[in-house]
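Asks: Okay, here's the prediction I keep looking at, along with the sequence it came from:
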Amino acid sequence: MSEELKKMSSSRKHHLKSLMLSIAKGLLEDEEREQEEERTRYMDENCPPVSMPRSMQELQELCREIHHKIDVIDEERYDLENKVNKANKEIDDLKIKVQDLMGKFKKPVLRKVRMSADAMLKALLGSKHTVNMELRANLKQVKKEVKEEDKELRDIGDWRKNIEDKAGMDGRKKMFEGEA
C-alpha cells in the first residue's frame, strides 16, 4: 500500500485526506448528538421536575428523598470508580507483560566516568568503610624455600646429556639399577 501512496499525485492525496476528515467530522457530530439525547433521557428518568412543597413536613420528606438518591448515586460512583481503577491496573500489568515478551527495553546511555578503585568502593560502601586498594600492602610476604627436587634438576644439567646417557640398553639398565 505504501507503494500505491507513493505513486498517487499530491492533489489525489489531498482530496482523499479531505474526504476522510469530512467523514470523521460527520461521525463526531452524530456521536455528540447521541450523547446529548442520552443525557436528556437519563435526566428525565432519574430527575423528575421538582414540585415545591407547601408545608415543613413535605419539605423534610423531599430532603430525605434527595439525600437517599445522593447516597445511591455515591455508591454507584464508588463501585464504578473501583472497576475503572482495577481495569487500569490490569491494563498496566498487561502492558508490562507485553513489554517483557517483546524484550524491547530502552537502555539508558551510560557516560564514562573516570574514578579510582578507592573512590568507587567508597561510593558503593559509603563513608563508613575505608578500603585501601593498594595491592602491594595487602600481599603476604613469602620466603622462597629451595626444594631438594629443584636442586637435583639443576644438577642434572643439560637435557641432551641425560638422554644420551639413557639411550640404548645400557641406559635402561642404569635407570633400573638407580631405582633399586
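Replies: Arrived safely, thanks for sending. Numbers count the residues shown, from 1 in each chain.
Asks: which residue ranges form the helices in this structure?
Replies: Secondary structure of the chain by DSSP state H: the helices cover 2-7, 10-46, 56-102, 117-125, 135-138, 148-156, 159-166, 168-179.
Asks: Select, out of those helices, the one closest to R111.
Replies: When the helices of the chain are compared by CB to CB, helix 117-125 sits nearest R111, at 14.7 Å. All C-beta atoms are positioned from the backbone trio N, CA, C, and that covers glycine.
Asks: In that closest one, which residues are buried?
Replies: Neighbour counts using 16 or more other CB atoms under 10 Å place L121, K122 of helix 117-125 among the buried residues.
Asks: shaky segments in this protein?
Replies: In the predicted model, the chain carries pLDDT under 70 at residues 1-6, 104-106, 127-180.
Asks: rewinding a little: export the helices of the chain to TSV and tack on distance to V109?
Replies: Output for these, formatted as TSV (distance: least, CB to CB, whole Å):
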stretch	distance to V109
helix 2-7	32
helix 10-46	38
helix 56-102	20
helix 117-125	20
helix 135-138	33
helix 148-156	56
helix 159-166	59
helix 168-179	69
